[in-house]
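Chemist: let's see this in three dimensions:
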Amino acid sequence: MKVIVTGAGGMVGSHMVELLHEQGMEVIGTYYKPTTDITELPTSIRMIECDVRYASGVEKIILEFQPDQIYHLAAQSYPTVSWDRPYETIETNINGTIAIYEAIKNVRRLINKDYNPMVVVACSSAEYGETLNQLEGNEIFVKETAQLQPLHPYGVSKVGQDLISFQYFMNDHIRCIRARIFNSTGTRKVNDVTSDFTKRAIEAEKSGKYELRVGNLETKRAIMDQRDLVAALMLLADKGTPGEVYNISSEHIYQMKDIVSMIENQIGHKFQMYVDPKLLRPTDERIIVGDVTKLKKDTGWCQKITMEQTISDMLNYWRNK
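Modeler: This next block holds a predicted model:
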């Protein structure tokens, strides 16, 4: 099988190309301004620099390779950045997605009218936006049918990816899956609580000064390991219903102070913690978990990696870095 993973310079994409390569797939990864160290990837994996904002580069790769599956993960993926760079965010995320589908149409027009790949598009829980704040009482599980009310340009761009994919499915009969992804973490991740805590913990371990800079440790989050996320994406490519949307979310909720305790247990040392005001938000989001009933029913997916395992792997990753 031939597979393209766009955004293979990111946490999820880099792990996905590794796994596909290990499974014997003929895989190409594309990257542009990678957020991970792509020199960590085996040199036998073919990586091509490609800015998905420019359709000609995307078209060239797809016309030449004609993959059976396309995992479209390339994106400007930071909500905070989207406020400062809204044009780039919309252009990358929406136009980059259009480029994928138009390239498939061109393969059909120029080379093979029966070309029929599966496209899995990495959408986001950010599409739900204000709807998440309107859930009542103890209701925390969000279904795919919830209203889309994004609260920042990033969320809007992901709604655009989502709906443009549906449009190409309906009008051009291009098979696609719209995967609305909730919080995930793992090795190579940067700028989330688990990666920040594990990195600071290893810096403390190396210095011998067991201090840990923290924010609000009472906050709760549903977090999944990137391996469970990658498994879900791959299962959806094989077993998902074309044109449909699926939540991919952890079913387990963790309090931030519990994350710290897991790190302390694995390092074998208690931390002197101090609160950094810069890490405190005026308000913290309520706990949000995606309802994954549909994902489990259609693919058989289940969450397998424990948070303890994730933290152990991340600690060892930072030690080796």
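Chemist: where in the chain is pLDDT low?
Modeler: The model of the chain has pLDDT under 70 over residues 281-285.
Chemist: any idea which residue of it is furthest from its center?
Modeler: Here the chain reaches farthest from its C-alpha mean at Gly208, the gap being 34.1 Å by C-alpha atoms, centre = their mean.
Chemist: how close does it sit to Leu135?
Modeler: According to C-beta to C-beta, to the nearest Å, Gly208 and Leu135 sit 45 Å apart. For the C-beta atoms, the positions are set from N, CA and C on the backbone; glycine is no exception.
Chemist: quick check: phi and psi on the closest residue to Leu233 other than its chain neighbours?
Modeler: Residue nearest to Leu233 in three dimensions, not counting chain neighbours: Val120, with 5.5 Å by C-beta to C-beta, 6 or more residues apart in numbering. Per-residue torsions, Val120: phi -110, psi 120 (degrees, to the nearest 10).
Chemist: neighbours around Val120, how many?
Modeler: Here the count is done by other C-beta atoms under 10 Å, and Val120 has 25 residues near it.
Chemist: can you check Glu64 too?
Modeler: Look at Glu64: counted by other C-beta under 10 Å, it has 9 neighbours.
Chemist: work out for me the element it sits within.
Modeler: According to DSSP states H and E, Glu64 maps onto helix 55-65.
Chemist: who does that helix touch, helix- and strand-wise?
Modeler: Judged by 3 or more C-beta pairs under 8 Å, 6 or more residues apart in numbering; DSSP states H and E, helix 55-65 is in contact with strand 2-6, strand 26-31, helix 96-110.
Chemist: biggest helix in the chain by residues?
Modeler: The residue-count maximum for a helix in the chain (DSSP state H) belongs to helix 153-172.
Chemist: picking that back up, now the helices and strands packed on helix 55-65 in JSON lines, with mean neighbour count and distance to Asn171?
Modeler: Formatted as JSON lines, the helices and strands packed on helix 55-65 follow (neighbours: other C-beta atoms under 10 Å; distance: least, C-beta to C-beta, whole Å):
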{"stretch": "strand 2-6", "mean neighbour count": "26", "distance to Asn171": "22"}
{"stretch": "strand 26-31", "mean neighbour count": "24", "distance to Asn171": "26"}
{"stretch": "helix 96-110", "mean neighbour count": "20", "distance to Asn171": "10"}
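Chemist: of all the ones you listed, which lies closest to Glu203?
Modeler: Closest approach to Glu203 among those (C-beta to C-beta): strand 26-31, 27.5 Å.
Chemist: buried residues in the next helix or strand after the closest one?
Modeler: Moving toward the C-terminus from strand 26-31, the next helix or strand (DSSP H and E) is strand 46-49. Across strand 46-49, burial judged by 16 or more other C-beta atoms under 10 Å covers 47-48.
Chemist: so in that sheet, which strands flank strand 46-49, and in what orientation?
Modeler: strand 26-31 (parallel) (DSSP bridges).
Chemist: tell me how far the strand it pairs with is from the chain's mean position?
Modeler: In terms of C-alpha atoms, centre = their mean, to the nearest Å, the centre of strand 26-31 is set 17 Å apart from its chain centre.
Chemist: for Ser82, list the residues it contacts.
Modeler: 76, 89, 152-154, 157 (C-beta atoms under 8 Å, 6 or more residues apart in numbering).
Chemist: sorry, back to before: may I have the beta-bridge partners of the residue nearest to Leu233?
Modeler: Tyr71, Ile177.
Chemist: quick one, strands of the stretch 151-300 of the chain?
Modeler: 176-181, 184-185, 211-214, 220-222, 224-225, 245-248, 253-255, 272-275, 289-290 (DSSP state E, counting those that start in this stretch).
Chemist: mind putting these in a markdown table, mean neighbour count included?
Modeler: As requested, the strands of the stretch 151-300 of the chain are exported to a markdown table (neighbours: other C-beta atoms under 10 Å):
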| stretch | mean neighbour count |
| --- | --- |
| strand 176-181 | 26 |
| strand 184-185 | 24 |
| strand 211-214 | 17 |
| strand 220-222 | 20 |
| strand 224-225 | 25 |
| strand 245-248 | 24 |
| strand 253-255 | 16 |
| strand 272-275 | 11 |
| strand 289-290 | 24 |
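Chemist: how deep is Asn183 tucked in, by neighbour count?
Modeler: By other C-beta under 10 Å, the residues close to Asn183 number 19.
Chemist: okay, domains of the protein per the record?
Modeler: Per automatic domain parsing, the structural domains of the chain span 2-184+225-248, 189-222+252-286+305-320.
Chemist: may I see the buried residues of the helix holding Glu64?
Modeler: For helix 55-65, by 16+ other C-beta under 10 Å, it's 55, 57-59, 61-62, 65.
Chemist: columns distance to Met1 on top of the strands of the stretch 151-300 of the chain, output as JSON lines?
Modeler: Below are the strands of the stretch 151-300 of the chain laid out as JSON lines (distance: least, C-beta to C-beta, whole Å):
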{"stretch": "strand 176-181", "distance to Met1": "16"}
{"stretch": "strand 184-185", "distance to Met1": "24"}
{"stretch": "strand 211-214", "distance to Met1": "45"}
{"stretch": "strand 220-222", "distance to Met1": "32"}
{"stretch": "strand 224-225", "distance to Met1": "25"}
{"stretch": "strand 245-248", "distance to Met1": "21"}
{"stretch": "strand 253-255", "distance to Met1": "36"}
{"stretch": "strand 272-275", "distance to Met1": "48"}
{"stretch": "strand 289-290", "distance to Met1": "28"}
